[in-house]
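[1] A structural model of the following input is requested.
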Amino acid sequence: MVRYVANKFFYMLISLLILISATFFLMKAIPGDPFQAEKKVSVEMKARLMEQYGLDKPLYVQYFKYLGDIATGDFGISMKKLNQDVTKIISDTFQTSLKLGLVAIVIAVVVGVLLGMLAALYHRKLIDNVAMILAVLGMAVPSFVLASLLQYYLAEKAGWFNVLGFDKPLDYVLPVMALSAQPIAFIARLTRSSMLEVLHADYIKTAKAKGLNWFTIMFRHVIRNGILPVVTYVGPMTANIITGSVVIEQVFGIGGIGKVFVESITNRDYTLIMGVTIFYGVILMVARFLTDIAYVMIDPRIKLSGGKEG
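    Next comes the predicted model:
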């Protein structure tokens, strides 16, 4: 187990290095600089700013210096937000995104699994049909479209919620609905498919033949084995929800890290773009890493080298 974790961790570091390198060089390849929109900045002042942020040095020097700074936990100072540390900007804004993301994750898993279980238990019946129609709609409608519809009908027309803001408990409802709709749909379909396969497995028939009651069969065999594909999906889903709330935050005027990321790209704030990108990458990789560990712990049949035993 220790060797398995060490290997996963090593490959995670390699992936992170590739992400940092790709982002750095692609960003530098774009024509222009962070100060080209500053009309009032003189040529001399611009040269001083370029020197201050090390942008006048050769590209390879900037790259290795940045790697060294990251290794010590220094993401630098924002080039657009006066004297603001990138690490502090991320920590301050991520709290809002994390609150929104965690609520959306819980809702997505609970509602998605319940819908999938009901659809599987009532296969080819009304509940199954309704659940799958909702799942198809949830996957087909983009989150920003759903957010706009919810905002217009439930906030603007009905007046049940605020159009913008994220200050009260009710302000969570619309952003969470928009953010969790697609994960709910995917989890519901995944759970239904997996549960149907398990319900028709030979060991379930054997358990029924032995006279085990319905609850024992469901909770000891069906749910435990049927939930494994969902566990695999929860890791990437967690990262995607937390890091993918950029559009939702823009639509509902939520001051989270997604909004900061969009602003940094618009302003070409190199240090902030790199900081947020690395932060997003770490979240995604850690989520995937923990998912792999959890999958092995839940299903002992999984070999630590990957794959199932024959």
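[2] all contacts plus neighbour counts: C-alpha atoms, from now on.
    Will do.
[3] Kindly state the domain boundaries assigned to this structure.
    1-72, 90-304 (the TED database).
[4] which one of these lies closest to Lys80?
    Between Lys80 and the domains of the chain, the tightest spacing by CA to CA is seen for domain 90-304, at 6.1 Å.
[5] How far off centre is the strand or helix carrying Gly258?
    Applying DSSP states H and E as the criterion places Gly258 in helix 257-267. Put simply, helix 257-267 sits 17 Å off its chain's centre (CA atoms, centre = their mean, to the nearest Å).
[6] Need the nearest residue in space to the spatially most central residue of the chain, chain neighbours excluded.
    Centroid-nearest residue in the chain: Asn240, 1.8 Å away (criterion: CA atoms, centre = their mean). Nearest residue to Asn240, sequence neighbours excluded (CA to CA, 6 or more residues apart in numbering): Leu284, at 7.4 Å.
[7] who are the neighbours in contact with the one you found?
    Listed by CA atoms under 8 Å, 6 or more residues apart in numbering, the contact set of Leu284 reads 235-236, 239-240.
[8] cool, and Met195?
    Neighbouring residues of Met195 by CA under 8 Å, 6+ apart: 116-117, 120, 222-223, 226-227.
[9] shaky segments in the stretch 151-300 of the chain?
    Along the stretch 151-300 of the chain, the parts satisfying pLDDT under 70 run over 243-244, 295-300.
[10] quick one, helices of it?
    Counting by DSSP state H, counting those that start in this stretch, the stretch 151-300 of the chain has these helices, from start to end: 173-199, 202-209, 214-216, 223-226, 228-243, 246-251, 257-267, 270-298.
[11] and the first one, which residues are buried?
    Just to be clear, that refers to helix 173-199. Using 16 or more other CA atoms under 10 Å as the test for burial, helix 173-199 gives 173-196, 198-199.
[12] Taking their axis directions, it and helix 202-209 sit at what angle?
    In terms of direction (axes from the mean of the first three to the mean of the last three CA atoms, to 10 degrees), helix 173-199 departs from helix 202-209 by 80 degrees.
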